[in-house]
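S.K.: here is a sequence with its predicted model. Questions after.
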Amino acid sequence: MDSNDLLNLLLVGVPALAILGGGAAVIQRRRSAGDRDRTDERPAGTGTGTSTLERPAAGAPTAEAPTAPAPEDAATAPALEVPAPTAGRLTRLRDRLARSGSPLGARMLQVLSRDHLTEDDWDELEETLLLADVGAGPSQELVESIRTQARVQGLKDPAQVRALLREQLLALVDPSLDRSLSTAPRTGEDGVTVPAVVLVVGVNGTGKTTTVGKLSRVLVADGRTVLLGAADTFRAAAADQLETWGSRVGVRTVRSDRDGADPASVAFEAVREGATEGVDVVLVDTAGRLQNKAGLMDELGKITRVITRTAPLSEVLLVLDATTGQNGMNQARVFAEVAGVTGIVLTKLDGTAKGGIVVAVQRELGVPVKLVGLGEGPDDLAPFDPEEFVDGILG
Ligand SMILES: Nc1nc2c(ncn2[C@@H]2O[C@H](COP(=O)(O)OP(=O)(O)OP(=O)(O)O)[C@@H](O)[C@H]2O)c(=O)[nH]1
């Protein structure tokens, strides 16, 4: 071998070996992914999504939400996270409600504990409710009702005042509303089973994408198989954001390669792939552009039409930012009119003293609050429970 041959070997042979070695590593990685798929335990009756799902074990930890995953290692697939169980989430997050809502609960209790309540005191009580965004009608009702009760039974000791207030607030939040999420696959008369489809709508910045990500974890914790549809094609990073959320719990995202693609075609494709794969639920994130009512109606109408070619909509969830309080109500009304909303998700309840918006929004839109966001952590989304909520704001 002369010096030229040696040079050729170094220039061609070594990189070729490196490439071959890299290929082996890729094959190795694929194999281990396949192995994981084979050992994946799926509960009976759920879909066969391509994802590797680590099911939450019974009695899995109720500890704080897991932290962000380590950056993807070149040699090993990232470990999947186990979302916190759904049951008891609001109990776990109740402190955040008490912190944010304490001005409401504490101020009301403080006023009602005074001796011989005057007109000014009753006005102050009403003002407290208005400041917490309960809304004019419900605030007046609540004060009237407490006044009547106070006349009948008197306001004797702090425990009785608290019990009365609790009872009245609970009645206002309305425990009789059906807050369950419809996420079971459906079998039509033709015997074909299709996934439940949950469309998530709302103004931009309210926390839609984050909510879709958190909701996928709620569903995974409940043993459902999930597929995400990134139909928010308006904001370029939204699909990446969604994909990151999903990949942490082994949930795949259907997205377009192109920014600004037709959201309806992404939604259609997600539901079609969800049906083919036999997943339980397809969650579809949308853009929140509210240029005008007609434009929104066109966009959401088209998305709905194409989705329902494959499967009916099981839920349309409207995401509202609780910190915008009554100001967000106008936009909420438009979405409710246009999109046939079946449930409200109130986000950022951890950052506001305006917890009364729960009451106002239900009254205004005639739709129950089904989920609440109480932080930026991945498991800081909880099914709404009226009793826990009222206990939370009473502190
Ligand atoms: N504190 C708190 N922050 C939240 C909550 N939910 C969402 N956020 C934050 O709100 C911000 C906006 O959330 P996104 O999910 O990007 O909002 P979006 O509605 O999808 O926005 P567009 O994609 O622009 O339509 C993010 O910083 C979230 O972390 C919550 O419950 N509490």
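M.R.: It's in. Because the structure is predicted, anything quoted here is derived from the model rather than measured. Numbering: from 1, shown residues only.
S.K.: over to whichever residue of the stretch 251-395 of the chain sits closest to the ligand: give its phi and psi.
M.R.: Using C-beta to the nearest ligand atom, the closest approach of the stretch 251-395 of the chain to the ligand is made by residue 373 at 2.4 Å. (Glycine included, C-beta is placed from N, CA and C.) Main-chain torsions, residue 373, degrees, to the nearest 10: phi -100, psi 130.
S.K.: list the contacts of it.
M.R.: 207, 210-211, 214, 345-350, 380-381 (C-beta atoms under 8 Å, 6 or more residues apart in numbering).
S.K.: give me the nearest residue to it, chain neighbours excluded.
M.R.: The shortest distance from residue 373 to any non-neighbouring residue, by C-beta to C-beta, 6 or more residues apart in numbering, is to residue 347 (3.5 Å).
S.K.: what's opposite the residue of the stretch 251-395 of the chain closest to the ligand in the beta bridge?
M.R.: For residue 373, the beta-bridge partners under DSSP bridges are residue 381.
S.K.: now the element after the helix or strand bottoming out on mean pLDDT in the chain, going C-ward?
M.R.: Between all helices and strands in the chain, the lowest mean by mean pLDDT, DSSP states H and E belongs to helix 14-39, at a mean of 33. Using DSSP states H and E, the helix or strand that follows helix 14-39 towards the C-terminus is helix 89-92.
S.K.: wait, residue 349 touches residue 355, no?
M.R.: Yes - using C-beta atoms under 8 Å, residue 349 makes contact with residue 355 at a distance of 6.3 Å.
S.K.: any buried residues in the helix or strand hosting residue 165, and which?
M.R.: For residue 165, the host element (DSSP H and E) is helix 158-173. The neighbour-count check on helix 158-173 (16 or more other C-beta atoms under 10 Å) flags 161-162, 164-166, 168-169, 172-173 as buried.
S.K.: quick check, nearest of the residues you listed to the ligand?
M.R.: Minimum distance to the ligand across the buried residues of helix 158-173 is 18.6 Å, recorded for residue 173 (C-beta to the nearest ligand atom).
S.K.: who touches the nearest residue to that closest one once chain neighbours are set aside in this structure?
M.R.: In space, and not counting its chain neighbours, residue 173 is closest to residue 386: 4.4 Å by C-beta to C-beta, 6+ apart. Contacts for residue 386 (C-beta under 8 Å, 6+ apart) come out as 170, 173-175.
S.K.: could you do residue 280 as well?
M.R.: Per C-beta under 8 Å, 6+ apart, neighbours of residue 280: 46-47, 183-185, 195-196, 219, 224-226.
S.K.: try residue 335
M.R.: Contacts of residue 335 (C-beta under 8 Å, 6+ apart): 201-203, 290, 296, 318, 341.
S.K.: do that again at 10 Å, thanks
M.R.: Listed by C-beta atoms under 10 Å, 6 or more residues apart in numbering, the contact partners of residue 335 are 201-203, 288, 290, 293, 296, 300, 316, 318-320, 341, 344, 365.
S.K.: next step: the residues you listed restricted to helices.
M.R.: The helices in this structure, assigned by DSSP state H, contain 293, 296, 300, 365 from the contacts of residue 335.
S.K.: surely the third one is in contact with residue 201?
M.R.: Looking back up the chat, that one is residue 300. Yes - counting by C-beta atoms under 10 Å, residue 300 touches residue 201, with 6.4 Å between them.
S.K.: which neighbours do the two share?
M.R.: Joint contacts of residue 300 and residue 201 (C-beta under 10 Å, 6+ apart) are 286-287, 316, 335, 338-340.
S.K.: out of those, which is most surrounded?
M.R.: residue 286 (31 neighbours; other C-beta atoms under 10 Å).
S.K.: am I right that that residue is in contact with residue 242?
M.R.: No - using C-beta under 10 Å, residue 286 is not in contact with residue 242; the gap is 11.3 Å.
S.K.: so what sits against both of the two?
M.R.: Contacts common to residue 286 and residue 242, judged by C-beta under 10 Å, 6+ apart, are 208-209, 212, 229-232.
S.K.: which one of the residues you listed sits closest to residue 390?
M.R.: residue 208 (27.0 Å; C-beta to C-beta).
S.K.: so who does that closest one touch?
M.R.: 200-202, 232, 235, 238, 242, 285-288, 317-319, 321, 345, 347.
S.K.: any weak-confidence spans in the stretch 251-395 of the chain?
M.R.: Along the stretch 251-395 of the chain, segments meeting pLDDT under 70 span 290-291.
S.K.: spell out which parts of it neighbour the ligand.
M.R.: Contacts of the stretch 251-395 of the chain with the ligand, taken as C-beta under 6 Å from any ligand atom, map to 287-288, 347-348, 350-351, 373-376, 380.
S.K.: follow-up on the earlier one: of the contacts of residue 280, which is the nearest to residue 272?
M.R.: residue 195 (10.2 Å).
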